[in-house]
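Colleague: 3D, please:
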Amino acid sequence: MLAFTSVFMAPRLQQRFGTVKSMSIMLILFAMTLLAMGIWTNVQWVVIAAVVFAGALLGNNNTLITAAVMNASPVERSTASAAYSFLRFLGGAIAPFLAGKLAEWFNPHIPFIVGAGFVLLSVMLILSNQHHVKLVDHAGAGH
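Modeller: Residues are numbered from 1 along each chain as shown. Take a look at the predicted model:
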């Protein structure tokens with residue numbers, strides 16, 4: 001699902017709605033999915049369906065966020081790519097540990113709810129920094 005939406009759906013969304021708008025919509029839907037997982041953590045079919053749906057959303061965002069980072073960055077593409085990959089994989093390393101600790105300290109619902117909150121925070125940060133991202137769809141291929 002992730003690969004399919006990353007390759008086939010994200011470029012269509014990007015072309016029709018623009019990178020930032022598509023990315024923001026996908027992130028909001030992802031936050032809602034995490035929230036559903038947080039509310040119905042003990043309902044197995046909900047979590048399974050949400051994980052599959054999240055895969056589609058993350059596939060879109062994989063393409064959209066990468067395009068936004070590469071086109072918005074004022075540095076060389078290789079430097080932007082390295083910095084983006086560092087942050088992305090750092091988050092991937094920290095998240096499982098922190099999610100486990102949140103579940104241990106509070107309850108199994110909290111990691112999903114906290115995750116949803118941070119995803120919504122990221123959307124607010126993106127939208128409040130329009131001056132940095134408004135031209136991502138107009139950056140040239142040689143940027």
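Colleague: make it CA atoms for all contacts and neighbour counts henceforth
Modeller: Fine.
Colleague: can you name every helix or strand that the helix or strand containing Phe112 contacts?
Modeller: Assessed by DSSP states H and E, Phe112 sits inside helix 110-128. Packing contacts for helix 110-128, counted by 3 or more Cα pairs under 8 Å, 6 or more residues apart in numbering; DSSP states H and E, involve helix 19-39, helix 77-105.
Colleague: just want the angle from that helix to helix 19-39.
Modeller: Angle of helix 110-128 versus helix 19-39, following axes from the mean of the first three to the mean of the last three Cα atoms, to 10 degrees, is 160 degrees.
Colleague: tell me the buried residues in the following helix or strand past helix 110-128?
Modeller: Under the assignment DSSP H and E, the closest C-terminal helix or strand after helix 110-128 is helix 130-133. Burial within helix 130-133, assessed by neighbour count using 16 or more other Cα atoms under 10 Å, is assigned to Val133.
Colleague: neighbours around Pro11, how many?
Modeller: For Pro11, the count of nearby residues is 18 (other Cα atoms under 10 Å).
Colleague: contact partners for it?
Modeller: Contact partners of Pro11, counting by Cα atoms under 8 Å, 6 or more residues apart in numbering, are Thr63, Leu64.
Colleague: which residues are contacting the one helix or strand in the chain whose mean pLDDT sits lowest?
Modeller: Among the helices and strands of the chain, helix 130-133 carries the lowest confidence by mean pLDDT, DSSP states H and E, at a mean of 76. Helix 130-133 is contacted from outside by Val20, Ala68, Ala72, Ile126, using Cα under 8 Å, 6+ apart.
Colleague: farthest-separated two in these?
Modeller: Using Cα to Cα, those reach their maximum pairwise distance at Ala72 and Ile126, which is 11.7 Å.
Colleague: of these two, which one has the most company?
Modeller: When neighbours are counted by other Cα under 10 Å, Ala72 comes out ahead of the other of Ala72 and Ile126, with 21 against 18.
Colleague: right, I'll leave it there.
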